[in-house]
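Chemist: just the structure for this:
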Amino acid sequence: MSATTHPLSAPAGRLSLRTGLIVAAVASVALYVAGAVALGSPPTVSDAPARVVAWFRDHDDAARFYAWTAALGTVSFAVAAAILAMPLPTPFRETFLLGAAALIIENAVQAWCWAALALHARSLEPASARLMLDMASLWGPILTGATMTMIGAITALGVRARPLIPRWLTVLGIVAFAEQAIETVTVLGTHGFTAPGGEMNLVLGAAVTTIWLAGTVVWAAGWLRRQDAAA
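Modeler: Okay, the predicted model is just below:
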């Protein structure tokens, strides 16, 4: 290898990046699912304060486990985001990374709210528990800003005169961005499907965003493979 050759420009380095991207993406999804399964059916914004206290007294270990998976998920998602940003030109790369950083920070705040509620579950006051859980539940609506930033940064590359991403990823990005934009109404919701932390956030929004991320991982892995061929 010459003195001017960067180690990541070699095929072996590219292979490591492709592998790292896939492993990090799978780990991120697996950790999120594991945490969600551990929580089971947690209280919602419609539940009475006494119900919130009772749930945390019975499921304090599950809430702490969820926070633990969120901490580990920070590492895997950060690795995946860094590799996903590689094919993006400036300023799209920086915009995407800012959205990814916001998502990580908001996930951390939400997770430590759950962990804080579980730390002294036996001495929780109902009103305080309800307030803290409301803060955690509003993570869903506010997170749409971070996801729209990420999705928009990449999707914008497909609506230019000379698109830099394939048409299928552009269409997928438009659909995902539109869903996340509509999902912002959950900030104003109070109960049911559009409540903060309700099914629109945790089921529909999570599914659409995960599908978009999977598509982006496939595209980025293909980009790395093409760099190998050109090297």
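Chemist: and stretch 28-37, average pLDDT?
Modeler: The pLDDT scores in stretch 28-37 average 96.
Chemist: list the buried residues for it?
Modeler: Buried residues in stretch 28-37, counted by 16 or more other CB atoms under 10 Å: Ser28, Val29, Leu31, Tyr32, Gly35. All C-beta atoms are positioned from the backbone trio N, CA, C, and that covers glycine.
Chemist: stretch 89-106 too?
Modeler: So for stretch 89-106, counting by 16+ other CB under 10 Å, buried means Phe92, Arg93, Thr95, Phe96, Leu97, Gly99, Ala100, Ala102, Leu103, Ile104, Glu106.
Chemist: and the residues you listed as TSV, adding pLDDT?
Modeler: Formatted as TSV, the buried residues of stretch 89-106 follow (pLDDT from 0 to 100):
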residue	pLDDT
Phe92	98
Arg93	98
Thr95	98
Phe96	98
Leu97	98
Gly99	98
Ala100	98
Ala102	98
Leu103	98
Ile104	97
Glu106	97
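Chemist: just these: which are in strands?
Modeler: The subset of the buried residues of stretch 89-106 located in strands under the criterion DSSP state E is empty.
Chemist: for those residues, which one is nearest Pro163?
Modeler: Of all these, Pro163 sits closest to Phe92, with 12.4 Å by CB to CB.
Chemist: identify the residues contacting the closest one.
Modeler: Taking CB atoms under 8 Å, 6 or more residues apart in numbering, we find Phe92 in contact with Ala153, Ile154, Ala156, Leu157.
Chemist: other SSEs contacting the helix or strand hosting the first one?
Modeler: Take DSSP states H and E as the rule and Ala153 turns out to sit in helix 139-155. Contacts of helix 139-155 with other secondary structure elements, assessed using 3 or more CB pairs under 8 Å, 6 or more residues apart in numbering; DSSP states H and E, are made with helix 92-119, helix 167-183, helix 206-230.
Chemist: gap between it and the chain center?
Modeler: In this view, helix 139-155 has its centroid 9 Å away from the chain centroid, taken as CA atoms, centre = their mean, to the nearest Å.
Chemist: any idea of the angle that helix forms with helix 167-183?
Modeler: Calculated by axes from the mean of the first three to the mean of the last three CA atoms, to 10 degrees, helix 139-155 forms an angle of 150 degrees with helix 167-183.
Chemist: gap between the closest residue to Glu199 other than its chain neighbours and Glu106?
Modeler: Distance criterion CB to CB, 6 or more residues apart in numbering; nearest residue to Glu199, sequence neighbours excluded, is Phe193 at 5.1 Å. Counting by CB to CB, to the nearest Å, the gap from Phe193 to Glu106 is 22 Å.
Chemist: equivalent analysis for Asp134, please.
Modeler: In terms of CB to CB, Asp134 sits 15 Å off from Glu106.
Chemist: same question for Met150.
Modeler: Applying CB to CB to Met150 and Glu106 gives a distance of 12 Å.
Chemist: now swap in Gly99 and tell me
Modeler: From Gly99 over to Glu106 (counting by CB to CB), the distance is 11 Å.
Chemist: on that earlier part again, closest to Asp47 among the buried residues of stretch 89-106?
Modeler: Distances from Asp47 to those, taken by CB to CB, are shortest for Glu106, at 22.7 Å.
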